[in-house]
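S.K.: Need a 3D model of the sequence below.
(one chain, ligands or ions: 1)
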Amino acid sequence: MFKTSKATRKTKMKYQQSNKGRKKHNAANKKYKQTIKGKAANKKYENKAQYRKYGLTTKQRISMYIKQNGCCYICRFPISYDDIKTDHNHKLKGIKSVRKLLCHRCNVLVGWVESSPELINPVLDYLEEHKIP
Ligand SMILES: [Zn+2]
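M.R.: Just a heads-up that it's a prediction; the model follows:
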């Protein structure tokens, strides 16, 4: 590996922080993420992040996925392991916060209902009011 001078590094850093440099860097990053190596690196990063966030190992998550027969816990729709979300209670920390594996739609819905449960009935009433006979 060759050494770069302080001035070269400074110029390079300045370029990377410029709009043109950032665009080029982001495009290269996006392209890399599409490669097999990039996807593997991203998966590894996600697994580490998941462990840091919930204390959930990949083995435990796979076990949960198998227990749920590869489906969302709420709507029972089959979903790939890579796309399924780990639902967790925001008030708890670590492994205790992990509830179930959900599809994106149910995970978002749970988040909304959890934060505003008083809106469930008004929303249902609204939908009933505008129901097509
Ligand atoms: Zn679902």
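
S.K.: Next, the residue most central in space within the chain: phi, psi?
M.R.: What sits nearest the mean C-alpha location of the chain, by Cα atoms, centre = their mean, is Lys85, with 6.8 Å. With angles defined as degrees, to the nearest 10, Lys85 sits at phi -100, psi 150.

S.K.: Same question for Leu102.
M.R.: Dihedral pair for Leu102: phi -130, psi 160, per degrees, to the nearest 10.

S.K.: Excluding residues flanking it in the chain, which one is nearest Val113?
M.R.: Counting by Cβ to Cβ, 6 or more residues apart in numbering, Val113 lies nearest to Ile120, which is 6.2 Å off, once chain neighbours are set aside. The way it works is simple: take the backbone N, C-alpha and C, and place the C-beta from them, glycine included.

S.K.: What's the mean pLDDT across the helix or strand hosting the one you found?
M.R.: Per DSSP states H and E: Ile120 is located in helix 120-129. Helix 120-129 comes out with an average pLDDT of 96.

S.K.: Tell me which other helices or strands it touches.
M.R.: Of the remaining helices and strands, none touches helix 120-129 by 3 or more Cβ pairs under 8 Å, 6 or more residues apart in numbering; DSSP states H and E.

S.K.: that older thread, any idea how far the residue nearest to Val113 is from Leu127?
M.R.: According to Cβ to Cβ, to the nearest Å, Ile120 and Leu127 sit 11 Å apart.

S.K.: now Lys44
M.R.: From Lys44 over to Leu127 (counting by Cβ to Cβ), the distance is 43 Å.

S.K.: Then Lys14?
M.R.: 55 Å.

S.K.: Lys24 now?
M.R.: Going from Lys24 to Leu127 by Cβ to Cβ gives 48 Å.

S.K.: These two: which is more packed in?
M.R.: Lys24 (13 against 9; other Cβ atoms under 10 Å).
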